[in-house]
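K.L.:
Generate coordinates for the sequence data below:
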Amino acid sequence: MAASPWSWTAASIHPEVVLACGLAAAGWAWAWRARGQRPGPGQAARFVGALAALLLALNGPLHDLSDGYLFSAHMVQHLVLTLVVPPLLLTGVPGWMLDALLRPCLDRRALRAVVETLTRPLPAFAAYAIALVGWHLPGPTGMALEIHGWHVVEHVVLLGASVLGWWPIASPSRLVPPLPYAGQLLYLFVFGMPMTVVAAMVTAAERSLYPFYEAAPRVSELTALADQRLGGVIMWVPSAIIPLTAFTIVFFRWAAAEVDETT
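P.N.:
Residues are numbered from 1 along each chain as shown. Prediction:
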């Protein structure tokens, strides 16, 4: 009897993802120990939360459902990779640690130009938008679902582009800092637009856009089209809520900074 895609099995664990998260956690802990300091509980919680979210998105039932059965599960997975992991990761890594990783690149003129260009607001937003919209078009999505290697590339590109997209807001680096508070608020006004465009395309479609999911075994009462529309709604709502939450946090940080300057 075939294993249920709703349950955890040994086959649903991807060792390369577990290894990457383990190495990241070990490096983060070693850097703190070498510095002779301990992270604050909030920062530690954000870093561990980022790795936990990554592990849950790329292993177990969510990964199996998204890989072979449900478009809506695939969109939950992509939301985690684009809107949850990057801000938690950036705010969970201290500035001194990130700068130590960046300094070898910044010491070389050509690499410095690349890093400084990509982390500016317009290029960072463009990279995020192009990756998000491009990988949700029927052709690239179908290719990623049919060929595992391309699926890995899809996830790496989405995660990397989303880190760039969040950089102007959440970067802890002193060498490549975020925008000033006013700029962050303006940036967040447009940050949710790419996800909204994809959600609108998927939700408003009158036919199934992804043949892979249309032919997939049904593991729920949802038809392929209903599953696709559910996936669109799943993308639509968080794409508004998460930037709004970030906007609120930035606004109150700005207000607190203004109070500190006047006292």
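K.L.:
Okay, helices next: where are they in the stretch 101-250 of the chain?
P.N.:
Assignment of helices within the stretch 101-250 of the chain using DSSP state H, counting those that start in this stretch yields the ranges 109-118, 121-134, 138-146, 148-170, 181-191, 193-204, 211-215, 224-262.
K.L.:
Let's have the ones you listed in JSON lines, adding mean pLDDT, distance to residue 45 and mean neighbour count.
P.N.:
Any C-beta I mention is one placed from the backbone N, CA and C, and that applies to glycine too. Compiled in JSON lines, the helices of the stretch 101-250 of the chain are given as follows (pLDDT from 0 to 100; distance: least, CB to CB, whole Å; neighbours: other CB atoms under 10 Å):
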{"stretch": "helix 109-118", "mean pLDDT": "93", "distance to residue 45": "28", "mean neighbour count": "12"}
{"stretch": "helix 121-134", "mean pLDDT": "97", "distance to residue 45": "25", "mean neighbour count": "18"}
{"stretch": "helix 138-146", "mean pLDDT": "94", "distance to residue 45": "32", "mean neighbour count": "16"}
{"stretch": "helix 148-170", "mean pLDDT": "96", "distance to residue 45": "15", "mean neighbour count": "20"}
{"stretch": "helix 181-191", "mean pLDDT": "95", "distance to residue 45": "22", "mean neighbour count": "16"}
{"stretch": "helix 193-204", "mean pLDDT": "93", "distance to residue 45": "25", "mean neighbour count": "18"}
{"stretch": "helix 211-215", "mean pLDDT": "94", "distance to residue 45": "35", "mean neighbour count": "16"}
{"stretch": "helix 224-262", "mean pLDDT": "90", "distance to residue 45": "15", "mean neighbour count": "16"}
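K.L.:
and of those, who's closest to residue 30?
P.N.:
Closest approach to residue 30 among the helices of the stretch 101-250 of the chain (CB to CB): helix 148-170, 21.6 Å.
K.L.:
Could you pull out the buried residues of stretch 39-51?
P.N.:
39, 43, 46-51 (16 or more other CB atoms under 10 Å).
K.L.:
And for stretch 22-30?
P.N.:
Result for stretch 22-30 [16+ other CB under 10 Å]: buried residues 24, 28.
K.L.:
quick one: residue 219 and residue 6 touch, right?
P.N.:
Yes. Residue 219 is within contact range of residue 6, at 7.3 Å (criterion: CB atoms under 8 Å).
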